[in-house]
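In: My questions are about this predicted structure, shown below with the sequence.
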Amino acid sequence: MSKFLALIPAAGSGSRMGNDVPKQYLPLSGKPMIYHTINTLCRNPSIADVLIVLAPRDSEWDKYDWSEFSGKLRVFKCGGDTRAASVLNGLTAAQHALGISPEDWILVHDAARPCLSRSQLDKLIDELADDAVGGLLAVPVADTLKRSNQENRVACTEPREHLWQAQTPQMFRYGLLAQALQNAANTQITDDASAVEAIGLRPKLVASDSYNFKVTYPNDLALAELILQQRNSQ
Ligand code: C5P
């Protein structure tokens, strides 16, 4: 039986937030942002282990008590210069520590998507568990898309048919993902699916919704706070 493991790359600095503290640790609903991400993944009964990849010089993680998740949480301080390098380093470290099989599923989820819901996670696992390639949560593009020139004037309007916004988790088998990320080293990929696409495969898009957005700019924190508050009051 293949296992399901989650991996959270959390070695970024979050410079677009304009804050000294890396964004995964910014306060959100009384906890550091990454707590909510870890909570959702650890509470999913299908997921056996949750791997956290921190920057080698991370000085925030140890300020918090993570003992409620100690049954599933495995922490590796081996983040790299890019998200892809952090994921690959984490996979390699976890393979040595835990002995992952090439057929085991890895769900890579950004620390900065704290509003992932239980139902979205279940849907992803259900739709992909028998898939030959794997895939990702994504949302069909709703807005009209403009491409700009150097002066920020509209160069053209892009047709939005068949365009999706990629989210995470992105779910691939360990052997395939590690190989794809190794092949993509020194490229500019910003997600795991791009590495899999680059070896000629077609990841499946699993329809999600905009609640699972990535906290990137300061205003995003207030929105995430509202979503979590509303969910906790239900
Ligand atoms: O910067 P961005 O929002 O695209 O980062 C997405 C995720 O990748 C975040 O969880 C961030 O901490 C992580 N990351 C990482 N190592 C890096 C850069 C980003 O683990 N070098």
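Out: Received the coordinates, thanks. Residues are numbered from 1 along each chain as shown.
In: Compute the distance from the centre of stretch 163-182 to the centre of its chain.
Out: 10 Å (Cα atoms, centre = their mean, to the nearest Å).
In: Sort out which residues of that stretch are buried, please.
Out: The neighbour-count check on stretch 163-182 (16 or more other Cβ atoms under 10 Å) flags 166-174, 176-181 as buried. Where you see a C-beta, it was placed from the backbone N, CA and C, and this is true even at glycine.
In: Sitting in strands, which of the residues you listed do you find?
Out: Where the buried residues of stretch 163-182 overlap with strands, as defined by DSSP state E, the overlap consists of 166, 167, 168, 169, 170, 171, 172, 173.
In: Touching, the first one and residue 192? I think so.
Out: No. Residue 166 sits out of contact with residue 192 when judged by Cβ atoms under 8 Å, with a separation of 9.4 Å.
In: what sits in contact with each of the two?
Out: Shared between the contact lists of residue 166 and residue 192 (criterion: Cβ atoms under 8 Å, 6 or more residues apart in numbering) are residues residue 136.
In: Just list the residues touching the nearest residue to residue 194 once chain neighbours are set aside, thanks.
Out: Spatial nearest neighbour of residue 194, excluding adjacent residues (Cβ to Cβ, 6 or more residues apart in numbering): residue 184 at 7.1 Å. Applying Cβ under 8 Å, 6+ apart to residue 184 gives the contacts 84, 194, 195, 198.
In: Ok, residue 234 next?
Out: Residues touching residue 234, when contacts are defined by Cβ under 8 Å, 6+ apart, are absent altogether.
In: Which residues of this structure lie near the ligand?
Out: Residues of the chain that fall close to the ligand, judged by Cβ under 6 Å from any ligand atom: 9-12, 24, 53, 79-83, 86, 110-112, 214, 216.
In: Filter the residues you listed down to the ones in strands?
Out: Among these, DSSP E puts 9, 10, 53 in strands.
In: Is it possible to get a markdown table of those that adds neighbour count and distance to residue 233?
Out: Shown next, in a markdown table, are these (neighbours: other Cβ atoms under 10 Å; distance: Cβ to Cβ, whole Å):
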| residue | neighbour count | distance to residue 233 |
| --- | --- | --- |
| 9 | 28 | 30 |
| 10 | 29 | 27 |
| 53 | 29 | 32 |
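In: List just the nearest of those to the ligand.
Out: Checking those against the ligand by Cβ to the nearest ligand atom gives residue 9 as the nearest, at 3.1 Å.
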